[in-house]
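K.L.:
Any chance you can model this:
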Amino acid sequence: MSDDGLHHHHWSLKKAATIFMLAAFLALAAKPLPAQNAGPARDAWQHPEEVMDALGVHRGSAVADVGSGEGYFTFHLADRVGPTGHVYAVDIEQSHLDVIQREAAREGLKQISTILGAPDDPHLSPNSLDFVLAVDTYHEWHDYTAMLHHLFLALKPGGIFGLMDGAAPAGHPRDYYYERHRMPEQMERTEVVAAGFRFVRRERGMTRPSDGKQFYYLIFQKPQ
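P.N.:
Residues are numbered from 1 along each chain as shown. Predicted structure coming up:
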């Protein structure tokens, strides 16, 4: 092979290697990150530390993240409760729980358990929890009476239920709000109190920057 041919051959190999590396990088970049790894951009508007502070979660707590998705709050809660606490990630989609299980195993977080819930039952053990957190999920609970009943039973006496959901104008039937993925604050507050909880206070909510959606944050307690 001539020097020119050898040079061209080496250049072609370098070009092919560069193209391969670029394709691999783009494939990796296109792969969605697990929700728990959303990073500072998500933390900036969901302020998870404030959410947990308002709930009262501390080291050693037993907490359920109901409607966990892929675990954004699950992993923040796991960090807060530490190895002496426990976080139960509850969702009705096994694929979401699979993401949590893989990440928890990778990070060695034995304080996380996943539970495949049902639309009317989170399958949590009675009197086992100090706190329940439900973020942007209550509006999906068609059988909310049964869900609230099971959450009430799962909390220890004096346990705290933190409920965050998308704000919506009042005045429509309940079915109207399902497709809009939001629900009036007073409607949810009335339903939770009717299930036996005591309303404690309203905390600062959040605003999603992508579309301006407003979320309210309500704190309830199971009576002693």
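K.L.:
from here on, contacts and neighbour counts on C-alpha atoms
P.N.:
Noted.
K.L.:
Which residues outside the lengthiest strand in the chain are in contact with it?
P.N.:
When the chain is parsed with DSSP state E, its longest strand is strand 155-166. With Cα atoms under 8 Å, 6 or more residues apart in numbering as the contact definition, strand 155-166 has outside contacts at 55, 126-139, 181-185, 205, 213-224.
K.L.:
Name the residues of the one helix or strand H96 maps to that are buried.
P.N.:
Using DSSP states H and E, H96 sits in helix 94-107. Using 16 or more other Cα atoms under 10 Å as the test for burial, helix 94-107 gives 94, 96-97, 99-101, 103-104.
K.L.:
Could you dump these into JSON lines and include pLDDT?
P.N.:
As requested, the buried residues of helix 94-107 are exported to JSON lines (pLDDT from 0 to 100):
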{"residue": "Q94", "pLDDT": "98"}
{"residue": "H96", "pLDDT": "97"}
{"residue": "L97", "pLDDT": "98"}
{"residue": "V99", "pLDDT": "97"}
{"residue": "I100", "pLDDT": "97"}
{"residue": "Q101", "pLDDT": "98"}
{"residue": "E103", "pLDDT": "96"}
{"residue": "A104", "pLDDT": "97"}
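K.L.:
Tabulate the residues you listed in a markdown table, adding columns for distance to Y176.
P.N.:
Output for these, formatted as a markdown table (distance: Cα to Cα, whole Å):
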| residue | distance to Y176 |
| --- | --- |
| Q94 | 27 |
| H96 | 27 |
| L97 | 29 |
| V99 | 32 |
| I100 | 32 |
| Q101 | 35 |
| E103 | 37 |
| A104 | 37 |
